[in-house]
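*Asks:* Got a predicted model here, sequence first, then my questions.
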Amino acid sequence: MFPQIDKPENINPKDWEDWQWQVKNSISSVEELADYIEVDQKLASEIEETEAKYRWKITPYFANLMKRDKDSGGIRKQVVPTNRELHDPVGVIDPLDEEKHSPAPGIIKVYPDRIAWCISDNCAALCRHCLRKRFMTAGEEGDFSREGRQQALEYISQTPEIRDVLLTGGDPLLYPDSWLEDILKQLTAIDHVEIVRIGSRVPSTLPQRITPGLCTMLKKYHPLWLNTQFNHPLELTAAARKACSRLAEAGIPLGNQSVLLKGINDDPETMKELVQGLVAMRVRPYYIYQCQILEGTEHFRTPIEDGINIIYNLRGFTTGFSVPTYVLDTPVGKVPMNPEYVKLRDKEGVVFSNFLGKDWREPNAAPKPGTKYEIDSWRLPFNEDLTD
């Protein structure tokens with residue numbers, strides 16, 4: 001676990017550890033990609049066909065991981081374009097209607113007390129399954145100007161019910177410390193903003209970005225939380241562990257939000273290895289997202305039953321806090337999707353089934369009238385013999 005991945009021999013070690021060098025030398029051509037994986041004529045043609053519609057790039061660090069996944073493609077499939085992205089009969093470009101929930105530039109407000117604020121459309125690696133694939137569309141530009149950010153800050157300051165702000169994008173950590181600190185300083189000066197969260201994939205795709213200087217700056221703005229995205233065990237390297245340790249030691253709680261991806265992590269053993277490795281890195285598995293009905297992602301989507309089966313095979317078979325919540329994100333919020341452990345209810349109580357399929361009856365008082373699960377509204381099977 002947490003292997004040290006050798007860098008390419010022709011690259012200076014100091015350059016390799018410099019996150020700005022990694023960004024500057026991002027791979028975005030067939031010729032550059034061929035230094036890391038075998039690119040035959042078919043793949044080269046597919047990449048060139050696809051990049052006419054969707055941009056792509058990969059950090060040298062993340063590309064270097066592809067040398068280890070020749071069999072599964074667990075890394076490669078996430079970031080190398082193929083023309084399957086161009087053939088999706090049902091996917092839509094904005095499945096969560098985020099643009100309809102945007103009262104100010106970059107702001108997405110679905111919940112009463114919190115917002116997501118997209119402060120960038122740039123990432124270290126452009127994941128082919130990205131929820132905001134519209135940001136990757138060639139020739140499209142969003143409003144991420146200074147004026148747009150000020151309008152967003154004014155909206156937050158004038159909306160007192162907002163107590164929780166998620167900085168997302170794109171990736172907020174792909175910019176200099178001073179740029180990010182300017183935003184954090186203004187946000188935390190707003191009295192009703194109680195916590196700030198950052199959504200960033202750089203611990204996985206560009207761990208060199210998590211520098212001591214960045215962590216020193218971030219710890220000034222507690223309470224600060226960070227959610228990242230690791231999707232496959234091959235991403236759990238020594239460099240990733242070092243990055244997550246630095247964040248944890250700066251007092252930043254870490255969560256992981258995986259996406260369920262066909263042929264990458266859609267089996268219980270792969271997901272178990274991933275979540276256990278994350279916990280060993282002090283990263284709490286938080287969500288597994290069902291892949292959206294998103295334009296260009298049909299080849300990633302799995303049946304919802306596969307995700308429920310994964311949770312069923314994690315619960316009881318690994319540490320409880322290693323088990324993430326499986327969710328479907330929708331235009332009206334996130335919906336948890338879990339195995340059904342409640343088998344029936346009757347006047348004597350409720351019967352549950354455990355992770356091994358063994359039943360347990362628990363005596364239960366009647367719910368208070370008017371509660372969400374008042375007896376007459378429960379959608380669980382009755383034992384007719386006991387409810388007369």
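*Replies:* On my side now, so go ahead.

*Asks:* right, and residue 291 touches residue 129 too?
*Replies:* Yes: with contact defined as Cβ atoms under 8 Å, residue 291 reaches residue 129; the gap is 6.2 Å. (C-beta placed from N, C-alpha, C; glycine too.)

*Asks:* More neighbours: which of the two?
*Replies:* residue 129 (24 against 20; other Cβ atoms under 10 Å).

*Asks:* what residues are up against that one?
*Replies:* 78, 259, 261, 291, 294, 297, 300 (Cβ atoms under 8 Å, 6 or more residues apart in numbering).

*Asks:* again, only using 6 Å
*Replies:* Residues near residue 129 by Cβ atoms under 6 Å, 6 or more residues apart in numbering: 259, 261, 297, 300.

*Asks:* ok, now which ones touch the residue lying closest to residue 199 once chain neighbours are set aside?
*Replies:* Computed as Cβ to Cβ, 6 or more residues apart in numbering, the closest residue to residue 199 that is not its neighbour in sequence is residue 168, at 3.9 Å. Shown in contact with residue 168 (Cβ under 6 Å, 6+ apart): 116, 118, 199.

*Asks:* what's across from residue 168 in the sheet?
*Replies:* residue 118 (DSSP bridges).

*Asks:* one step back: what sits in contact with each of residue 291 and residue 129?
*Replies:* With Cβ under 6 Å, 6+ apart as the test, residue 291 and residue 129 both reach 259, 297, 300.

*Asks:* Same list, those residues, but as JSON lines with secondary structure and neighbour count please.
*Replies:* Converted to JSON lines, the shared contacts of residue 291 and residue 129 look like this (DSSP: H, G, I helix; E, B strand; the rest coil; neighbours: other Cβ atoms under 10 Å):
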{"residue": "259", "secondary structure": "strand", "neighbour count": "21"}
{"residue": "297", "secondary structure": "coil", "neighbour count": "23"}
{"residue": "300", "secondary structure": "helix", "neighbour count": "24"}
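
*Asks:* Serialize those to a markdown table and add fields for distance to residue 178.
*Replies:* Converted to a markdown table, these look like this (distance: Cβ to Cβ, whole Å):
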| residue | distance to residue 178 |
| --- | --- |
| 259 | 31 |
| 297 | 35 |
| 300 | 37 |
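
*Asks:* wait, which of those residues is closest to residue 161?
*Replies:* residue 259 (29.6 Å; Cβ to Cβ).

*Asks:* Quick check: closest non-adjacent residue to residue 137.
*Replies:* residue 54 (6.3 Å).

*Asks:* Mind listing what's buried along the lowest-mean-pLDDT helix or strand in the chain?
*Replies:* Sorting the helices and strands of the chain by mean pLDDT, DSSP states H and E puts strand 342-346 at the bottom, at a mean of 81. Neighbour counts using 16 or more other Cβ atoms under 10 Å place 344, 345, 346 of strand 342-346 among the buried residues.

*Asks:* need these in CSV with distance to residue 16, can you?
*Replies:* Putting the buried residues of strand 342-346 into CSV (distance: Cβ to Cβ, whole Å) gives the following:
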residue, distance to residue 16
344, 59
345, 59
346, 64
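
*Asks:* which one of those residues sits closest to residue 308?
*Replies:* Closest to residue 308, out of all of the buried residues of strand 342-346 and judged by Cβ to Cβ, is residue 344, at 19.3 Å.

*Asks:* So residue 240 belongs to a helix, correct?
*Replies:* Yes: counting by DSSP: H, G, I helix; E, B strand; the rest coil, residue 240 is located in a helix.

*Asks:* State the distance from it to residue 285.
*Replies:* 15 Å (Cβ to Cβ, to the nearest Å).

*Asks:* if I read this right, residue 238 contacts residue 2, doesn't it?
*Replies:* Yes: applying Cβ atoms under 6 Å as the test, residue 238 and residue 2 come out as touching, 4.9 Å apart.

*Asks:* average model confidence for stretch 27-38?
*Replies:* Averaged across stretch 27-38, the pLDDT comes to 95.

*Asks:* what's in contact with that stretch?
*Replies:* 39, 44, 47, 57, 58, 63, 66.

*Asks:* Many thanks, have a good one.
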